[in-house]
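K.L.:
return atomic coordinates for the entry below.
(one chain, ligands or ions: 1)
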Amino acid sequence: MGTALRIWVGADHGGVELKAALVKKLEEFGHTVTDIGADGSHSVDYPDYAHPVATAVADGRADRGLLICGSGQGMAMAACKVPGVRAACVSDPVSARLVAEHNDARVLCLGARIVGVELALGCLTAWLDASFEGGRHSRRVAKIEALAPQDG
Ligand code: RB5
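P.N.:
Numbering: from 1, shown residues only. Just a heads-up that it's a prediction; the model follows:
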C-alpha cells in the first residue's frame, strides 16, 4: 500500500452493503476512513451524502472521497456541484485509473447495482494506486475549473 489517506465515504440506502465491504478494505489498507453513513435500509437522498463528502475533499479535510448509490451517477452529479471537486462514476478499473491520472478526480462514485464487491474493489484500488500525471492534463483540468455555471 502507498501513503495512508484520509478518505471520507458515503452511500445512500442502495450502497450501504457495498460501502461496508469497501470501508473494511480501506481500513485494512491502513487508510483513515470517515464513514458518514447511511446505515440501514431506510430510504435516503444521495445528495445529502454527496455534499458533505465532496465538501470535505474540497476544503482539504479529506484526501479522497468515495460515494456509492444504486447507479453511482446521482452521487457523481451531486458531488460535481461542489466547486473544485471532480467526481467520476466508474465501473471498470481502467476508467478508475484514468480518472485519477488524467482528470485528478478525488471523488470516486460506484453503483452498487452495477458492480459487485470484487469489481468495486478493483476500481477502488486502481484509483487509489494511480496519481495525477499533470502536464497537459493540468491545462485541461484548469479549463474545467474555469468554466462558470452560466457558460454555454
Ligand atoms: C435510489 O433509488 C437511486 O436513485 C440512487 O441510489 C441512485 O441510483 C441515483 O443515482
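K.L.:
so how far is residue 150 from the residue most central in space within the chain?
P.N.:
In the chain, the residue lying closest to the centroid (Cα atoms, centre = their mean) is residue 108, at 2.1 Å. For residue 108, the distance to residue 150 equals 29 Å [Cβ to Cβ, to the nearest Å]. (C-beta placed from N, C-alpha, C; glycine too.)
K.L.:
with residue 68 instead?
P.N.:
32 Å.
K.L.:
mind checking the SS state of the closest residue to residue 58 other than its chain neighbours?
P.N.:
The shortest distance from residue 58 to any non-neighbouring residue, by Cβ to Cβ, 6 or more residues apart in numbering, is to residue 84 (4.7 Å). Here residue 84 is recorded as coil under DSSP: H, G, I helix; E, B strand; the rest coil.
K.L.:
more neighbours: residue 68 and residue 150, which one.
P.N.:
Shown here are residue 68 and residue 150; by other Cβ atoms under 10 Å, residue 68 has more neighbours (30 against 5).
K.L.:
return the residues in contact with the more buried one.
P.N.:
Residue 68 makes contact with 9-12, 14-15, 18-19, 22, 75, 109-112, 120 under the criterion Cβ atoms under 8 Å, 6 or more residues apart in numbering.
K.L.:
look at the residue in the chain positioned nearest to the ligand and say how many residues are nearby.
P.N.:
Here the chain gets closest to the ligand at one residue, residue 74, 2.5 Å apart by Cβ to the nearest ligand atom. Residue 74 has 20 neighbours, counted by other Cβ under 10 Å.
K.L.:
residue 33 belongs to a helix?
P.N.:
No. Counting by three-state DSSP, residue 33 is not found in a helix; it is strand.
K.L.:
I'd assumed residue 27 was in contact with it.
P.N.:
Yes. Using Cβ atoms under 8 Å, residue 33 is in contact with residue 27, at 5.6 Å.
K.L.:
compare neighbour counts for the two and give me the winner.
P.N.:
Neighbour count, other Cβ under 10 Å: between residue 33 and residue 27, residue 33 has more, with 18 against 13.
K.L.:
for the more buried one, what are its contacts?
P.N.:
Counting by Cβ under 8 Å, 6+ apart, residue 33 touches 7, 8, 9, 23, 26, 27.
K.L.:
now the buried members of those.
P.N.:
Neighbour-count burial (16 or more other Cβ atoms under 10 Å) applied to the contacts of residue 33 gives 7, 8, 9, 23, 26.
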